[in-house]
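Novice: missing the sequence, but the structure's below:
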Ligand SMILES: [Zn+2]
């Protein structure tokens, strides 16, 4: 019995030692694996750094998606082309030179003692057209008002104000300034500069200084009241003589176009008593 007990205890001890060794071995194995994983993570850190570099390059998305100076007036801009985070880049002003100078020389601009080319600027802007698409527009204005015009057209764009088209009046040139103005109005075109006299008079118009602009002339006609009743020249304006219809693109005191121009110190021809020129906004130079 004694010897048997001793053998039993010896076997138990051996089993216990084997169990302890096995558990120790398993613990060591797990510890070793954990160490290897840590080292793997450390060695993957350079990859994390390269991800960081990719993030630094992200502002590429904020770059100008197209150069408005390269787009002809009337070009439609898709929503994918437009970077709405920085729309100020789509409102640009340049001196009159190159192709623009060729287009206007002997047409809307002639040699004169009142305004020089250096007093004028060529603007490219974005606007919504009557189909509510984003479209490129152009206009020539007085250099002293160029920044103000850029702000106004940016605000009109942000308000999603619709303008049918904005091409230089030279695109409608007939050989005569007054007739060309008529042709531009018939096309419901918005324009600013033209070296010409006032409608029905002999003195220079504020358009001749780039200080006046005509917006959507079909919906906003020029009315004279010399006979007591309104008289207008363009049949395409017949349904817009009544200013209370609520039709689209009709400028009233409630219209955002009126509100933005007057907030920038412009006066409105719709506030004159005779004639009433609903398309016309102008600003006197200081
Ligand atoms: Zn006008």
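Specialist: Ah, there it is. Just so we're clear, the structure is a prediction, and the values are computed from it rather than from any experiment.

Novice: going forward, measure contacts and count neighbours with C-alpha atoms only.
Specialist: Will do.

Novice: Following the record's annotation, map out the domains of the protein.
Specialist: Per automatic domain parsing, the structural domains of the chain span 2-56, 62-282.

Novice: Just name the most buried of these.
Specialist: Across those, the average number of neighbours (mean count of other C-alpha atoms under 10 Å) peaks for domain 62-282, which reaches a mean of 18.

Novice: is that one anywhere near the ion?
Specialist: Yes: residues of domain 62-282 contacting the ion under C-alpha under 5 Å from the ion: 214, 280.

Novice: looking only at pLDDT, what's the mean for that domain?
Specialist: Looking at domain 62-282 alone, the average pLDDT works out to 95.

Novice: Tell me which stretches of this structure form helices.
Specialist: Ranges of helices within the chain are 2-43, 45-56, 98-104, 146-158, 177-186, 256-263, based on DSSP state H.

Novice: and the fourth one, how far from the chain's centre?
Specialist: Between the centre of helix 146-158 and the centre of its host chain there is 9 Å, according to C-alpha atoms, centre = their mean, to the nearest Å.

Novice: next one: stretch 106-114
Specialist: On C-alpha atoms, centre = their mean, the centre of stretch 106-114 falls 31 Å from the chain's centre.

Novice: what does stretch 180-196 give?
Specialist: 24 Å.

Novice: again, but for stretch 73-83
Specialist: That offset, for stretch 73-83, works out to 9 Å (C-alpha atoms, centre = their mean).

Novice: so how far is the first residue of it from its last?
Specialist: Using C-alpha to C-alpha, to the nearest Å, one end of stretch 73-83 lies 19 Å from the other.

Novice: who touches the residue nearest to residue 71 when sequence neighbours are not counted in this structure?
Specialist: In space, and not counting its chain neighbours, residue 71 is closest to residue 136: 7.0 Å by C-alpha to C-alpha, 6 or more residues apart in numbering. Counting by C-alpha atoms under 8 Å, 6 or more residues apart in numbering, residue 136 makes contact with 68, 71-77, 124-127, 166.

Novice: quick one: contacts of stretch 239-253?
Specialist: Around stretch 239-253, the neighbours that count as contacts under C-alpha under 8 Å, 6+ apart are 162-163, 216, 218-221, 257-259, 270, 278-279.

Novice: residues contacting residue 81?
Specialist: Neighbour list for residue 81: 65, 66 [criterion: C-alpha under 8 Å, 6+ apart].

Novice: what's across from the residue nearest to residue 71 in the sheet?
Specialist: For residue 136, the beta-bridge assignment (DSSP bridges) gives partners residue 126.

Novice: now the one 5 residues further on
Specialist: When bridges are assigned using DSSP bridges, the partners listed for residue 141 are residue 121.
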